[in-house]
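[1] No sequence on hand, only this structure:
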């Protein structure tokens, strides 16, 4: 299992701290599978050796995912935790892109809004090198959107 047994609690704790305006520290939430790690490092090596290999352990801060999924898109913290848990599943596959490193769960997940989602995790592989950071998640297929919370004056 790529995610550690306490990953869900760690992810939720960082998101709650961000919601309360607190600073957060990076927490190790799990590892990439050997197949995921091999595919990512092969892609990095194909870039002419300019990108060194990464390690399998993934860290999570949550700032960007909180800003984009909760504040901009209106998802609840529970939705984001579900998105992360799904995207970081052992069956997720590496999706190559010239601009980012991603893994995506190709097995649809039913969300709270009636969608069948294929969650994608975007990994930042340079800032915290050699460990990748789970930078954000993208719920692919979220046609029925979450209702944004109205901000209080």
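    Thanks, I have it. If you're wondering where the values come from, they're calculated on a predicted model, not measured in any experiment.

[2] From here on, just use CA atoms for contacts and neighbour counts.
    Will do.

[3] Now the element after the helix or strand of the chain with the lowest mean pLDDT, going C-ward?
    Of all the helices and strands that make up the chain, helix 34-45 has the lowest average by mean pLDDT, DSSP states H and E, namely a mean of 94. Downstream of helix 34-45, the next assigned helix or strand under DSSP states H and E is strand 57-60.

[4] Quick one: mean pLDDT for that next one?
    Here the mean pLDDT over strand 57-60 is 97, rounded to a whole number.

[5] Tell me which other helices or strands it touches.
    Packed against strand 57-60, as judged by 3 or more C-alpha pairs under 8 Å, 6 or more residues apart in numbering; DSSP states H and E, are the following elements: strand 27-31, strand 133-140.

[6] I'd like to know which of those strands lies nearest to residue 110.
    When the helices and strands packed on strand 57-60 are ranked by proximity to residue 110, the top entry is strand 133-140, at 10.9 Å, counting by C-alpha to C-alpha.

[7] for that closest one, packing partners?
    strand 57-60, helix 63-65, helix 77-87, strand 116-124.

[8] which residues are contacting it?
    Strand 133-140 has contacts (C-alpha atoms under 8 Å, 6 or more residues apart in numbering) with 58-62, 64-65, 69, 80, 83-84, 87, 117-125.

[9] Give me the spatial nearest neighbour of residue 91, chain neighbours excluded.
    Take residue 91 and drop its neighbours on the chain: the residue closest to it by C-alpha to C-alpha, 6 or more residues apart in numbering is residue 105, 6.4 Å away.

[10] list the contacts for that neighbour?
    Neighbour list for residue 105: 86, 87, 88, 89, 91, 92, 93, 118, 119, 120 [criterion: C-alpha under 8 Å, 6+ apart].
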